[in-house]
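In: the sequence and its predicted three-dimensional model are supplied below.
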Amino acid sequence: MPAKKLNPPPGWPAPRPGWAPPADWKPDPSWPAPPEGWQLWVEAPARQRRWLMPTVAGAALLLGLILGSTSGAAAGNDRAAADRTTIEELTTDVDTLDGELLGVQGELASTEAELTSALAQVAELDRRSADLAALETALAARQQELDTRQAQLDARSGDLDTREASVAASEARTGSTGASGASSGSSSATGEGSAPAGGSVYYENCDAARAAGAAPVRRGQPGYASHLDRDDDGVGCE
């Protein structure tokens, strides 16, 4: 059966070389929870499994063979001791390398988790950027609609000014015609000939009224018209 070895998650202490958990072993509750899908037990590398396979019996057998082959000579005993030392050193080196490997695996898993989180943040940023672009497009469309309506309003305002000026001119002509008729009738009745009392006065705008020296022009005075009196207080070109 393949040998298994503890694979400590990020934040867990690395096991000491050669450590094997007892049957009732449980992780310390103060240690952080392993990442989702983390494997606590992994198959030991082949070179380590060679030393993890019933190490006591294997070491005893190996030691017995070495000692048996050299039991008759002091030089053989020295060589056996040297071999045992070499085996122990190699075993320690392998355990150390395995511990370092587990540490690197833990760091790799932590880096992968951080990368996954960063990718999720990038995706969220992309989604918000798309929402912002959609809002900017909608705002531009509404601004264009507002500009169109403002242009229509300006056109209607100009048309209204033109109509008001036309009505004012018509009123002025009508008033001048009536005054001229009344004056002619009075002159005929008295037998005295006289010129009409003034003619039709019309100012296209306040600049024209000011140029003629008529500003301000009040309601009832020659030249007064509603297009000159925007606030309709009876005084134009204030």
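Out: Arrived safely, thanks for sending. Given the structure is predicted, the values throughout are model-derived calculations rather than measurements. Numbering: from 1, shown residues only.

In: per-residue confidence for the residue nearest to residue 33 when sequence neighbours are not counted?
Out: Excluding the flanking residues, the one nearest residue 33 by Cβ to Cβ, 6 or more residues apart in numbering is residue 9, at 7.9 Å. Backbone N, C-alpha and C define where each C-beta goes, glycine included. On the pLDDT scale, residue 9 is placed at 91.

In: burial count for residue 9?
Out: Residue neighbour count, defined by other Cβ atoms under 10 Å, stands at 18 for residue 9.

In: close enough to count as contact, it and residue 40?
Out: Yes: with contact defined as Cβ atoms under 8 Å, residue 9 and residue 40 form a contacting pair (7.5 Å).

In: mutual contacts of the two, please.
Out: residue 34 (Cβ atoms under 8 Å, 6 or more residues apart in numbering).

In: now do the helix or strand hosting residue 84: which elements does it pack against?
Out: Element membership of residue 84, judged by DSSP states H and E, is helix 74-190. With contacts defined as 3 or more Cβ pairs under 8 Å, 6 or more residues apart in numbering; DSSP states H and E, helix 74-190 has these neighbours: strand 4-6, helix 46-52, helix 55-70.

In: what is the mean pLDDT for that helix?
Out: For helix 74-190, mean pLDDT is 81.

In: what residues of the helix or strand following it count as buried?
Out: Sequence-wise, the next helix or strand downstream of helix 74-190 (DSSP H and E) is helix 206-211. Neighbour counts over helix 206-211 (16 or more other Cβ atoms under 10 Å) mark 206, 209 as buried.

In: and the following helix or strand past helix 206-211, what does it pack onto?
Out: Proceeding N to C from helix 206-211, the next assigned helix or strand is strand 217-218, under DSSP H and E. Strand 217-218 sits against strand 235-236, with contacts defined as 3+ Cβ pairs under 8 Å, 6+ apart.

In: which outside residues touch the strand it packs on?
Out: Contacts of strand 235-236 (Cβ under 8 Å, 6+ apart): 206, 209, 215-219, 224-225, 228-229.

In: same thing but at 7 Å, please
Out: 216-218, 224, 228-229 (Cβ atoms under 7 Å, 6 or more residues apart in numbering).

In: out of the residues you listed, which one sits closest to residue 238?
Out: Distance to residue 238, by Cβ to Cβ, is smallest for residue 216 among these, at 5.2 Å.

In: can you count the residues close to that closest one?
Out: Neighbour number of residue 216 under other Cβ under 10 Å is 16.

In: okay, it and residue 228: tell me how far apart.
Out: To residue 228, residue 216 is 9 Å away according to Cβ to Cβ, to the nearest Å.

In: one more: residue 169?
Out: Taking Cβ to Cβ, one finds residue 169 at 12 Å from residue 228.

In: of these two, which one has the most company?
Out: Neighbour totals were compared for residue 169 and residue 228, and residue 228 leads with 24 against 15 (other Cβ under 10 Å).

In: quick one: the closest residue to the more buried one other than its chain neighbours from residue 122, how far?
Out: Computed as Cβ to Cβ, 6+ apart, the closest residue to residue 228 that is not its neighbour in sequence is residue 236, at 3.3 Å. Distance of residue 236 to residue 122, computed by Cβ to Cβ: 66 Å.

In: show me the contacts for residue 230.
Out: Applying Cβ under 7 Å, 6+ apart to residue 230 gives no contacts.

In: can you tell me the SS state at it?
Out: coil (DSSP: H, G, I helix; E, B strand; the rest coil).

In: measure it to residue 163 for me?
Out: To residue 163, residue 230 is 15 Å away according to Cβ to Cβ.
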